[in-house]
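Engineer: Kindly return the folded structure for what I paste below:
(chains A and B)
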Amino acid sequence: MSGRVFDVQVVHTPPESSRGQLLQQYVLARVMSMQDINLDLYDYDRHNALYFFAVNAEEQIYFRYGGRDSEAPDTYLNLDSLELALKAGLQQHDLYREGKRVGTAPPAPRYPRDIPGIQKFVLDRGRCVECHHLAHFESMELERSGELDKLRHMYRSPDIKKLGIHLDIPQGLRIAEAKGAALKAGLATGDVILEIESEPVITFGDFQYRLDKVDRRATTLSIAVERKGEKKEIEIQLPDLWFVTDLEHRFWTIEPRLYFEADPLSVDEKKSLGFPDDGFASRVTEVPFEAMLEQANELEKGDIIYSVDGVERDDVAKDAALYVKLTCRSGDTVTLGVLRGDERIELPLNTKRKSFRRLD
Amino acid sequence: MNRILLIACFALVAATNAVASEDAQLHWHHSYDEALAEAKETGKPLFVEFRCAP
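Structural biologist: I've put the predicted structure just below:
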């Protein structure tokens, strides 16, 4: 099911259904343009085309609903879990009104118009501010200010399966199976996750959002779960590179632009050509004509790229293109090690800024 | 005359169904500020969907 189908199912919920009766206890808003939205309040990975929040009139967030993995945008979108979340949101609202739920000061307002690229390319042209515009121009602003940390800002949707946590998705944060680090730490089937790093979580969206806030250098993660009616604290030893995911779905938004596409060689092919099993070696599948116009590179289809400035492998990046994207700024030049036919040659790669981000 | 009456009846039924169908829909604001204002007025919580244009 695509996010689009889920969207339609939620928006067109029959009022008399149990979900419809829950939704009628909320004021409902469907926002298609982010123009007047406080971005720091409604903070989420903008690579989610669909995302929900339950808040109160004082803009206290009760829960987030959404989130994704690299495989699909809708892995965790489920009508049953949404219904559970809506019930929990109403309980939170009652607690808030009774003064039993502590509020937090909402973040200072920051609107799309405060981002120069959005103002110039989107608002001044009378266009709707869409989430992918925010993804592009927020990254660009971070890069300009020198605050862009690609390991932090490009990997905004950590995959909980990497921690060994497999959810019973219709049941919200109930664990279907614990494997790897989660199993080792003592998590078990049937546990319901209540807190992460002492922050309460109601939905997968809350969990992924809080996980994303964890320092990339952290080695442990504290989780509280409910087991047989009791709260239990568990500490997970985070595996190496726990936050790293496949970036394919957001690859084209990451600066710099490289003007080539390549597919990794199989392990057997790497071995037969004398490259490391876990090295960069990948075959160029496409070089757009702009590569010549922009004097970006002289690669040819079929070339095998095996190194970048002499580096042939990396813990995070599994191919040369991602390695360049994670380590270079737009405008940097690197030297590619290339196998063309039987000949090993070196070619310069002049990285470029994506054209729609060239504001200067 | 009968044909005109029949068409008028069909049109009436169709219009009634359309209204009924509209009545059977949940009301979603398209303006965040309007929804927030209603939440302030009614004391209800707000459920906001952010939908990136398809």
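
Engineer: Let me know the secondary structure of the residue of the stretch 151-300 of chain A found nearest chain B.
Structural biologist: With distances taken as C-beta to the nearest C-beta, the stretch 151-300 of chain A approaches chain B most closely at residue A:205, which sits 11.6 Å away. Heads up, the C-betas are built off the backbone N, CA and C, glycines and all. State at residue A:205, reduced to three classes by DSSP: H, G, I helix; E, B strand; the rest coil: helix.

Engineer: Tell me, what's the model's pLDDT at it?
Structural biologist: Listed pLDDT for residue A:205 reads 97.

Engineer: Look at residue 46 and say how many residues are nearby.
Structural biologist: No chain specified, so I'll use chain A. The burial count assigned to residue A:46 is 24, neighbours taken as other C-beta atoms under 10 Å in any protein chain shown.

Engineer: Wait, chain B was what I had in mind.
Structural biologist: Residues within reach of residue B:46, counting by other C-beta under 10 Å, total 25.

Engineer: check contacts around it.
Structural biologist: When contacts are counted by C-beta atoms under 8 Å, 6 or more residues apart in numbering or on different chains, residue B:46 is found next to A:26-29, A:53-57, B:35-36, B:39.

Engineer: Same list, the residues you listed, but as TSV with distance to residue A:198 please.
Structural biologist: Rendered in TSV, the data for these read as follows (distance: C-beta to C-beta, whole Å):
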residue	distance to residue A:198
A:26	28
A:27	31
A:28	32
A:29	30
A:53	21
A:54	21
A:55	21
A:56	22
A:57	27
B:35	31
B:36	29
B:39	29
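
Engineer: Counting neighbours, which of these end up buried?
Structural biologist: For the contacts of residue B:46, a burial check counting by 16 or more other C-beta atoms under 10 Å in any protein chain shown picks out A:26-29, A:53-57, B:35-36, B:39.

Engineer: Mind putting those into a markdown table with pLDDT?
Structural biologist: Supplementary listing: those in a markdown table, determined by pLDDT from 0 to 100:
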| residue | pLDDT |
| --- | --- |
| A:26 | 98 |
| A:27 | 98 |
| A:28 | 98 |
| A:29 | 97 |
| A:53 | 98 |
| A:54 | 98 |
| A:55 | 97 |
| A:56 | 96 |
| A:57 | 96 |
| B:35 | 97 |
| B:36 | 97 |
| B:39 | 98 |
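
Engineer: Considering those, which is situated nearest to residue A:227?
Structural biologist: Distance from residue A:227 was checked for each of the buried ones among the contacts of residue B:46 by C-beta to C-beta. The minimum falls on residue A:54, at 26.2 Å.

Engineer: mind listing which of the buried ones among the contacts of residue B:46 are in helices?
Structural biologist: The subset of those located in helices under the criterion DSSP state H comprises B:35-36, B:39.

Engineer: near chain A too, which of those residues?
Structural biologist: If you filter those for contact with chain A, counting by C-beta under 8 Å from any C-beta of the partner chain, you are left with B:35-36, B:39.

Engineer: State the distance from residue A:117 to residue A:180.
Structural biologist: Distance of residue A:117 to residue A:180, given as C-beta to C-beta, to the nearest Å: 40 Å.

Engineer: out of these two, which sits in the busier spot?
Structural biologist: A count of neighbours by other C-beta under 10 Å puts residue A:117 above the other of residue A:117 and residue A:180, at 21 against 16.

Engineer: Wasn't the more buried one part of a helix?
Structural biologist: Yes. Residue A:117: assigned to a helix according to three-state DSSP.

Engineer: distance of it from residue A:353?
Structural biologist: Note on residue A:117: its distance to residue A:353, by C-beta to C-beta, is 12 Å.

Engineer: which residues touch stretch A:180-187?
Structural biologist: Taking contacts as C-beta under 8 Å, 6+ apart, the residues outside stretch A:180-187 that touch it are A:163-165, A:175, A:178, A:223, A:225, A:234-239, A:242.

Engineer: Pull out the buried members of those.
Structural biologist: A:163-165, A:175, A:178, A:223, A:225, A:234, A:236, A:238, A:242.

Engineer: Spatially, which two of the residues you listed are the most separated?
Structural biologist: Going by C-beta to C-beta, the two entries of the buried ones among the contacts of stretch A:180-187 that are most distant from one another are A:225 and A:242, at 18.5 Å.

Engineer: Which positions within stretch A:195-213 qualify as buried?
Structural biologist: Going by neighbour count (16+ other C-beta under 10 Å), the buried part of stretch A:195-213 is A:195-197, A:201-212.

Engineer: Which residues of chain B lie near chain A?
Structural biologist: Counting by C-beta under 8 Å from any C-beta, chain B sits next to chain A at B:24-36, B:38-40, B:42-54.

Engineer: Apply 6 Å and report the result again.
Structural biologist: Taking C-beta under 6 Å from any C-beta of the partner chain as the measure of proximity, chain B contacts chain A at B:26, B:28-29, B:32, B:35, B:38-40, B:44-53.
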